[in-house]
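1. Quick one, what's the 3D model for this:
(chains A, B, C and D)
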2 protein chains.
Amino acid sequence: MAVSKSELQRRIQAFSDACSRKGLRVTHQRMEVFWALAVSDAHPDAESVYQRVRSRVTGISRDTVYRTLATLESKGLIRKAAALGGSARYDANMANHHHFVCTACGLIKDFSSKVLDDLPIPKTVESFGRIDASQVQVRGVCVSCAKRKPKKRRRSPK
Amino acid sequence: MAVSKSELQRRIQAFSDACSRKGLRVTHQRMEVFWALAVSDAHPDAESVYQRVRSRVTGISRDTVYRTLATLESKGLIRKAAALGGSARYDANMANHHHFVCTACGLIKDFSSKVLDDLPIPKTVESFGRIDASQVQVRGVCVSCAKRKPKKRRRSPK
DNA sequence: TTCCTTAATAGGAATTATTCTTATCTGGGG
DNA sequence: CCCCAGATAAGAATAATTCCTATTAAGGAA
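-> Alright, predicted model coming up:
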């Protein structure tokens, strides 16, 4: 479950270096937020990170955790898992298909591919539980977001 | 963009039948919510569905839309796209990897696979925008959720 | 058709998730 | 050591989702 001690050390050092390289200040809070994320592979949500960090840094604010996570994600130092938008998006198309997701505006486009419909899922995955379906998610920046310059981030489009 | 008229008709009829078959009442609101979803491939969020339906069914409540979407999803009549939990989940592991997601409790487990790391993405996807990465998401029910009976749905685990 | 049971709904309050605002603080270059 | 732009704390504000309760209506039975 947990990451090995030495590996954790290495990742945290690498993170610190990466911050400096990218012009991000190496603050105590930032290091702790990254630590909370790197110390396990549980993919915690922001509130969980906040709780974990708070036990080590008294007085840290939720906002700092949210802001730090967003900053690190925008710098490519961490990733959002699965969920990309603040709100759930629904799909009435139950046929096998895959998604292109714009990380800037949340746009989702469908595409289909015979090859991708039947992926070879490793046997190890079966030990996690019953498998119902698999789907490919392609992340990128859609054409219209690429045009309008470095516009500010926006919420899921209607 | 839009689905053809006859195809839409067919899907709505099939939906109505499926409701009956699964013991769900075929209510006006339910049909309209499904219609709002099936009429386009824009993967709207709950609020968008609410706005669309409200223009046809005066007085429908947000709660009905949220409840209906959750019900239909639990019956396998619609799907949630990309986002699975109410809150964003983060990942400090930037190495190429894929996810098993439990649709019952939100658990996320990582797995890796050389084959899946380099999938053949159809050329059509390139027309949507710049591609940054692709990842496989396997959905299912984890071992511990499979054990504890038909327990109620829960929020993202900490 | 009419009646009945109970799932489903409306409306709004409550809760949860996330972002914003403002005053204050501090990492790290000079 | 000094400075200041980038970071933070605290809590208000906003957005997303669920809960609560009284009322309505789908659809099986009579």
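2. pull the helix or strand with minimum mean pLDDT from chain A.
-> Every helix and strand in chain A was compared by mean pLDDT, DSSP states H and E; the lowest is strand A:89-91, with a mean of 75.
3. Quick check, A:H97 in contact with A:S112.
-> Yes: contact status for A:H97 versus A:S112: in contact at 4.8 Å, counting by CB atoms under 8 Å. Glycine gets a C-beta too; all of them are placed from N, C-alpha and C.
4. So if I had to pick from those two, which one is more boxed in?
-> Neighbours per residue, other CB atoms under 10 Å in any protein chain shown: of A:H97 and A:S112, the larger number sits with A:H97, 17 against 13.
5. does chain B sit close to stretch A:127-140?
-> Yes: interface with chain B: stretch A:127-140 contributes A:127-140 (CB under 8 Å from any CB of the partner chain).
6. Stretch A:25-38 too?
-> Yes: on the criterion CB under 8 Å from any CB, stretch A:25-38 is in touch with chain B at A:F34, A:L37, A:A38.
7. among the residues of stretch A:127-140 next to chain B, which ones are buried?
-> With neighbours counted by 16 or more other CB atoms under 10 Å in any protein chain shown, the residues of stretch A:127-140 next to chain B contain buried members at A:F128, A:G129, A:S134, A:Q135, A:V136, A:Q137, A:V138, A:R139, A:G140.
8. Which pair of those residues spans the longest distance?
-> Using CB to CB, those reach their maximum pairwise distance at A:G129 and A:G140, which is 29.8 Å.
9. coming back round to it: return the subset of the residues of stretch A:25-38 next to chain B lying in helices.
-> A:F34, A:L37, A:A38 (DSSP state H).
10. quick one: the second one and DNA strand C, what's the gap?
-> The reference is to A:L37. Here the distance between A:L37 and DNA strand C works out to 14 Å (CB to the nearest atom of the strand, to the nearest Å).
11. Please verify my assumption that that residue contacts A:L77.
-> No: contact criterion CB under 8 Å: A:L37 and A:L77 do not qualify, at 9.7 Å.
12. what pairs with A:V138 across the strands?
-> For A:V138, the beta-bridge partners under DSSP bridges are A:F100, B:S134.
13. buried residues in stretch A:18-28?
-> Under the neighbour-count criterion of 16+ other CB under 10 Å, stretch A:18-28 has A:A18, A:C19, A:L24 buried.
14. quick revisit: nearest to DNA strand D among the residues of stretch A:25-38 next to chain B?
-> Comparing those against DNA strand D with CB to the nearest atom of the strand places A:F34 closest, at 10.5 Å.
15. Need the pLDDT of that closest one.
-> Note for A:F34: predicted pLDDT of 93.
16. Which residues are in contact with it?
-> By CB atoms under 8 Å, 6 or more residues apart in numbering or on different chains, the contact set of A:F34 is A:I12, A:F15, A:L72, A:L77, A:I78, B:A92.
17. ok, now with 6 Å
-> Applying CB atoms under 6 Å, 6 or more residues apart in numbering or on different chains to A:F34 gives the contacts A:F15.
18. what comes into contact with the longest helix belonging to chain A?
-> For chain A, the helix with the greatest residue count under DSSP H is helix A:5-21. With CB under 6 Å, 6+ apart as the test, helix A:5-21 has contacts from A:V26, A:F34, A:A38, A:L77.
19. quick one: it to chain centroid distance?
-> Distance of helix A:5-21 from the chain centroid (CA atoms, centre = their mean, to the nearest Å) equals 18 Å.
20. Could you do stretch A:121-129 as well?
-> 22 Å.
21. Point out where chain A drops to low pLDDT.
-> Scanning chain A with the threshold set as pLDDT under 70 gives A:1-3, A:82-88, A:92, A:148-158.
22. So if we follow the domain assignment, how does it break up?
-> According to automatic domain parsing, chain A comprises the domains A:5-74, A:98-147.
23. Quick one: distance of the shortest one to the chain centre.
-> Centre-to-centre, domain A:98-147 and its host chain are 14 Å apart (CA atoms, centre = their mean).
24. How about the first one?
-> What separates the centre of domain A:5-74 from the centre of its chain is 13 Å, taken as CA atoms, centre = their mean.
25. So for that domain, first residue to last residue, what's the gap.
-> Between the opening and closing residues of domain A:5-74 lies a distance of 27 Å (CA to CA, to the nearest Å).
26. can you tell if it touches DNA strand D?
-> Yes: remark: domain A:5-74 sits within contact range of DNA strand D at A:23-25, A:27, A:29-30, A:57, A:59-64, A:67-68, A:71, by CB under 7 Å from any atom of the strand.
27. who wins for neighbours among those residues?
-> Busiest of those [other CB under 10 Å] is A:T68, holding 24 neighbours.
28. need the contact list for that one.
-> Contact analysis of A:T68 by CB under 6 Å, 6+ apart lists A:R30, A:V33.
29. quick one: it from B:Y90, how far?
-> Computed as CB to CB, to the nearest Å, the A:T68 to B:Y90 distance reads 10 Å.
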